[in-house]
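Enquirer: compute the structure for the input listed below.
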Amino acid sequence: ASLAQEAYASLLGVCSEPGCLRRLRWSKEDAVRHTNAFAAGVLGLATPPPLDAAALQRMGLAGVRGVAAKTTSLSCFSVAGNAPRHKGRCDLG
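Expert: Here you go, the predicted model:
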């Protein structure tokens, strides 16, 4: 990931903490909208980078409009709870 993508993920993580949301009087959607605007205007990202689905779950942002989750093409992994789980043998070829 680029430095800009890492900065985006970090800022979104901080802005989505309950204490930060309360102090700013933002909803989760507000936090995503403001972080996306920062990503475009300051970080120069054309689109917000997709984040790991497990990370979005931990931040409480899974399913929030404006946040994209990374998808994987490996059928041998599934997301259960907060962590990806390996289901057995993979065909990586």
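
Enquirer: could you give the number of residues near G60?
Expert: Look at G60: counted by other Cβ atoms under 10 Å, it has 13 neighbours. For glycine as for every other residue, the C-beta is placed from the backbone atoms N, C-alpha and C.

Enquirer: check contacts around it.
Expert: By Cβ atoms under 8 Å, 6 or more residues apart in numbering, the contact set of G60 is 16, 28.

Enquirer: next one: phi and psi at it?
Expert: Backbone torsions of G60, given as degrees, to the nearest 10, read phi 80, psi 20.

Enquirer: what's the answer for the one 4 residues further on, then?
Expert: Dihedral angles of V64 (phi, psi; degrees, to the nearest 10) stand at phi -80, psi 130.

Enquirer: now it: closest residue in space that isn't a chain neighbour?
Expert: K28 (5.0 Å; Cβ to Cβ, 6 or more residues apart in numbering).

Enquirer: pretty sure that neighbour contacts L21?
Expert: Yes: under the criterion of Cβ atoms under 8 Å, K28 makes contact with L21 at 7.0 Å.

Enquirer: neighbour-wise, which of those two wins?
Expert: With other Cβ under 10 Å as the criterion, K28 and L21 differ in neighbour count, and K28 comes out ahead with 19 against 16.

Enquirer: can you report phi and psi for the more buried one?
Expert: Dihedral angles of K28 (phi, psi; degrees, to the nearest 10) stand at phi -60, psi -40.

Enquirer: what's near enough to touch it?
Expert: By Cβ under 8 Å, 6+ apart, K28 lies in contact with 16, 21, 60-61, 64.

Enquirer: ditto for Q5
Expert: Q5 touches 45, 49, counting by Cβ under 8 Å, 6+ apart.

Enquirer: and it, what element?
Expert: Secondary structure from DSSP states H and E places Q5 in helix 3-15.

Enquirer: can you get me a residue count around R22?
Expert: 9.

Enquirer: ok, now how distant is it from F38?
Expert: Here R22 is placed at a distance of 20 Å from F38 (Cβ to Cβ, to the nearest Å).

Enquirer: what residue lies at the spatial centre of this protein?
Expert: L51 (3.5 Å; Cα atoms, centre = their mean).
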